[in-house]
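Novice: below: sequence and its predicted model.
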Amino acid sequence: MAAWTSEELDRIAAADELELASAKRDGTLRKPVTIWVVRHGDDLYVRSWHGRTSTWFRGSHDRHEGHIRAGGVDKDVVLAEVDDVNDEIDAAYRAKYDRYDATYVDPMVGPEARAATIKLVPR
């Protein structure tokens with residue numbers, strides 16, 4: 001698989017929000033959702049605020065592929081589920097979005113969202 005360039009990582013990580021369009025079974029893209037994105041090392045992560053039952057998260061399982069747009073970067077990605085870096089991702093969400101009310105941040109580091117953590121891998 002491909003790797004993010006330093007410029008892509010910096011630009012996407014600096015963006016407050018990311019647009020993610022997951023691929024349907026036939027390969028066409030769904031309507032994009034706007035979500036928060038965080039960086040941990042050389043990787044990028046997103047979470048579903050509503051956990052594994054959210055529409056966009058369930059749709060991400062059709063092909064585990066999609067397209068993102070953030071910080072001027074447009075990229076096709078693999079949507080890989082992870083669960084071994086949740087403490088680090090929690091810290092990244094708190095550090096990046098701490099200026100927002102806890103009403104928004106706390107659910108992003110709660111058990112439902114943690115169970116719906118996706119690593120964005122460039123294709």
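Specialist: On my side now, so go ahead. Numbers count the residues shown, from 1 in each chain.

Novice: lowest-pLDDT helix or strand in this structure?
Specialist: helix 102-108 (a mean of 90; mean pLDDT, DSSP states H and E).

Novice: list the buried ones in that one?
Specialist: When burial is assessed from 16 or more other CB atoms under 10 Å, helix 102-108 yields the following buried residues: 105, 107, 108. Heads up, the C-betas are built off the backbone N, CA and C, glycines and all.

Novice: check which helices and strands the helix or strand harbouring residue 118 sits against.
Specialist: Using DSSP states H and E, residue 118 sits within strand 117-122. Judged by 3 or more CB pairs under 8 Å, 6 or more residues apart in numbering; DSSP states H and E, the packing partners of strand 117-122 are strand 43-47, strand 73-81.

Novice: CA atoms of the longest one as PDB?
Specialist: Okay, so that is strand 73-81. Listed next in PDB are the C-alpha coordinates belonging to strand 73-81 (Å, rounded to 0.1, in the frame of the first residue of the first chain):
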ATOM      1  CA  VAL A  73      -5.800  16.900  -0.500                       C
ATOM      2  CA  ASP A  74      -8.100  14.600  -2.600                       C
ATOM      3  CA  LYS A  75      -7.200  11.000  -2.100                       C
ATOM      4  CA  ASP A  76      -8.600   7.500  -2.600                       C
ATOM      5  CA  VAL A  77      -8.200   5.500   0.600                       C
ATOM      6  CA  VAL A  78      -8.600   2.100   2.300                       C
ATOM      7  CA  LEU A  79     -10.800   2.200   5.400                       C
ATOM      8  CA  ALA A  80      -9.100   0.000   7.900                       C
ATOM      9  CA  GLU A  81     -10.600  -0.700  11.300                       C
END
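
Novice: ok, back up a step: now tabulate the helices and strands packed on strand 117-122 in TSV and tack on distance to residue 5.
Specialist: Formatted as TSV, these follow (distance: least, CB to CB, whole Å):
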stretch	distance to residue 5
strand 43-47	12
strand 73-81	9
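
Novice: pick the most deeply packed of these.
Specialist: strand 43-47 (a mean of 23; mean count of other CB atoms under 10 Å).

Novice: gap between the most centrally placed residue in the chain and residue 108?
Specialist: Centroid-nearest residue in the chain: residue 46, 2.0 Å away (criterion: CA atoms, centre = their mean). Noted for residue 46: a distance of 10 Å to residue 108, by CB to CB, to the nearest Å.
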